[in-house]
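> This is a predicted model, with the sequence first.
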Amino acid sequence: MEVKLLGHFSSPFVQRVKWALKIKGVEYDYCEEDVVNKSPQLLKLNPVHNKVPVLIHNGKSMVESLIILEYIDETWKTNPPLLPQDPYQRAMTRFWAKFVEEKFLLVAWEGFTSQGVKHENAVKSALEKIEGELLKGKKKFFGGGETIGYLDLVLGCASYNLPAFDKIGPMKILDPLRFPAMDQWINNFRNHPIIKGDIQSDEELLIFWTSLANKITKN
Ligand SMILES: N[C@@H](CCC(=O)N[C@@H](CS)C(=O)NCC(=O)O)C(=O)O
């Protein structure tokens, strides 16, 4: 097959690439990697970071999920596009994707894995800004109307990991009263036909993240 994806089942970065390929209707071979004992294939194809996801298309490989999403959008121009067509809107979408990645998802992950509450305010203040963007657009998805776009895919893992983190970890981030637009977006995203049935169940996620949190606190 001309498209191959190296991934790991728990990786939010891999998951967003899988969703993008699904939206575009691209068939691909999937190879589950061991992210602890890394295969020669992974080390060869991502010699800089040694991480998944790696996308291979026509024998050429690329890494970094946000870059892979853009490559997918530019290569398979079937509708719907992931990024807006207007250059200014595209720039704004990239800005928010970077914000979501660096100030929200990464800090939420650090808060969860450090088992400390000190990240909670930072995560909530980032979420306040994301909430503002959702309210501004007054649309179901950042992609516009019923369409999942680039920013939805970047934020996507929050729709299933954050509820689990809130149950297991020391932070309580999601709050339908304070963040009603985010609450609605999570609901919309998880119930979108592309996404529904393609994420682990809440029970599986709770078991997985609880066992990881236990391992981290024992070390
Ligand atoms: N910025 C990267 C992050 C990729 C990443 O952190 N992948 C993790 C899996 S979730 C990994 O391969 N970890 C192995 C390691 O850190 O050695 C992206 O967006 O693709």
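All right, it came through fine.
> Which helix or strand contains residue 17?
helix 12-24 (DSSP states H and E).
> tell me which strands and helices that helix is in contact with?
With contacts defined as 3 or more CB pairs under 8 Å, 6 or more residues apart in numbering; DSSP states H and E, helix 12-24 has these neighbours: strand 3-7, helix 65-75, helix 150-155. Every C-beta, even on glycine, is put in place using the N, C-alpha and C of the backbone.
> Report whether it contacts the ligand.
Yes. Residues of helix 12-24 contacting the ligand under CB under 6 Å from any ligand atom: residue 13.
> Which strands or helices does the following helix or strand past that helix pack on?
The first helix or strand that comes after helix 12-24 along the chain, using DSSP H and E, is strand 29-32. Applying 3+ CB pairs under 8 Å, 6+ apart, one finds that strand 29-32 contacts strand 3-7.
> Taking their axis directions, the strand it packs on and helix 65-75 sit at what angle?
On the basis of axes from the mean of the first three to the mean of the last three CA atoms, to 10 degrees, strand 3-7 is oriented at 170 degrees to helix 65-75.
> Need the residues that contact strand 3-7.
When contacts are defined by CB atoms under 8 Å, 6 or more residues apart in numbering, strand 3-7 is touched by residues 14, 17-18, 21, 26-33, 41-42, 45, 52-57.
> close to the ligand, is stretch 200-217?
No. Stretch 200-217 stays out of contact with the ligand when judged by CB under 6 Å from any ligand atom, the minimum separation being 11.4 Å.
> what does that stretch rub up against?
9-10, 112-113, 115, 160-161, 163-165, 167-169.
> all helices of the protein, in order?
Under the criterion DSSP state H, the chain carries helices at the ranges 12-24, 40-45, 65-75, 87-99, 106-114, 120-137, 150-155, 158-168, 180-190, 202-218.
> got TSV for the ones you listed, with mean neighbour count and mean pLDDT too?
Formatted as TSV, those follow (neighbours: other CB atoms under 10 Å; pLDDT from 0 to 100):
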stretch	mean neighbour count	mean pLDDT
helix 12-24	21	97
helix 40-45	14	98
helix 65-75	18	98
helix 87-99	14	97
helix 106-114	18	92
helix 120-137	16	95
helix 150-155	26	98
helix 158-168	20	94
helix 180-190	18	97
helix 202-218	13	84
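> picking up where we left off before, for the helix holding residue 17, give me every contacting residue.
Helix 12-24 has contacts (CB under 8 Å, 6+ apart) with 3, 5, 7-8, 28, 30, 51-53, 55, 65, 68-69, 72-73, 76, 78, 80, 82, 105, 148, 153-154, 156-157, 161, 194-195, 198-199.
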